[in-house]
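>>> what follows is a predicted protein model with its sequence.
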Amino acid sequence: MQPEALAGRPGKQEDCSAPTREAKLGNVFTQTITGPDGDPVHDPASTTNTGTFQGCCEAGILLLQEALRRGLDRAQTVVCLGDGAPWIWENCRLNFPGALQILDFYHATGHVGSLAGALHDTDPTLAKTW
């Protein structure tokens, strides 16, 4: 971020300034086809994106509006994929009730790695293998 975009923004640095701003991003896509193995396949060119520097609630509203525009009311299954941040699951609960909530692979494996390290703290090789 340019310094002028951060001026006056509260942050977590020692002087209470903010070195960055958090962008909240979302996307909506459809999966109506299956591949040769029968697994769902992302429909080509079906993704639209949302993004904001506003707060969590505003990000959720933007995503809901885009999903409604894209036909949310006709969806057989709705999935919320997130990084595990509590605000994401709260937005899912509020804006997409009944949606399947999935933790993304990158963050899930990070948690499994932390668990392996805690379970096998005396044997790093076993933790890595696990």
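That came through, no problem. Worth saying up front: this structure is predicted, and the values here are computed from it rather than measured. Numbers count the residues shown, from 1 in each chain.

>>> how about the residue nearest to Ala99 when sequence neighbours are not counted, what does it touch?
Among residues not flanking Ala99 along the chain, Val78 sits closest, at 4.1 Å (Cβ to Cβ, 6 or more residues apart in numbering). All C-beta atoms are positioned from the backbone trio N, CA, C, and that covers glycine. With contact set as Cβ atoms under 8 Å, 6 or more residues apart in numbering, Val78 has these partners: Ala67, Leu72, Phe96, Gly98, Ala99, Leu100.

>>> same thing but 10 Å
Ala67, Leu72, Cys92, Asn95, Phe96, Pro97, Gly98, Ala99, Leu100, Gln101 (Cβ atoms under 10 Å, 6 or more residues apart in numbering).

>>> pretty sure the fourth one contacts Trp89?
The reference is to Asn95. No. Using Cβ atoms under 10 Å, Asn95 makes no contact with Trp89, being 11.0 Å away.

>>> between the two, point out the one with more neighbours.
Shown here are Asn95 and Trp89; by other Cβ atoms under 10 Å, Asn95 has more neighbours (21 against 14).

>>> okay, the more buried one and Gln101: tell me how far apart.
12 Å (Cβ to Cβ, to the nearest Å).

>>> what residues are shared contacts of those two?
By Cβ under 10 Å, 6+ apart, Asn95 and Gln101 have these common neighbours: Val78, Cys80.

>>> nearest to Glu58 among the contacts of Val78?
Of all these, Glu58 sits closest to Asn95, with 11.6 Å by Cβ to Cβ.

>>> what's the nearest residue to Ile88 if we skip its chain neighbours?
Gly82 (3.8 Å).

>>> who does the one you found bridge with?
Beta-bridge partners for Gly82, by DSSP bridges, are Leu103.

>>> would you quantify the distance from the spatially most central residue of the chain to Arg74?
Residue closest to the average C-alpha location in the chain (Cα atoms, centre = their mean): Gly82, at 2.8 Å. Gly82 is 23 Å from Arg74, where distance means Cβ to Cβ.
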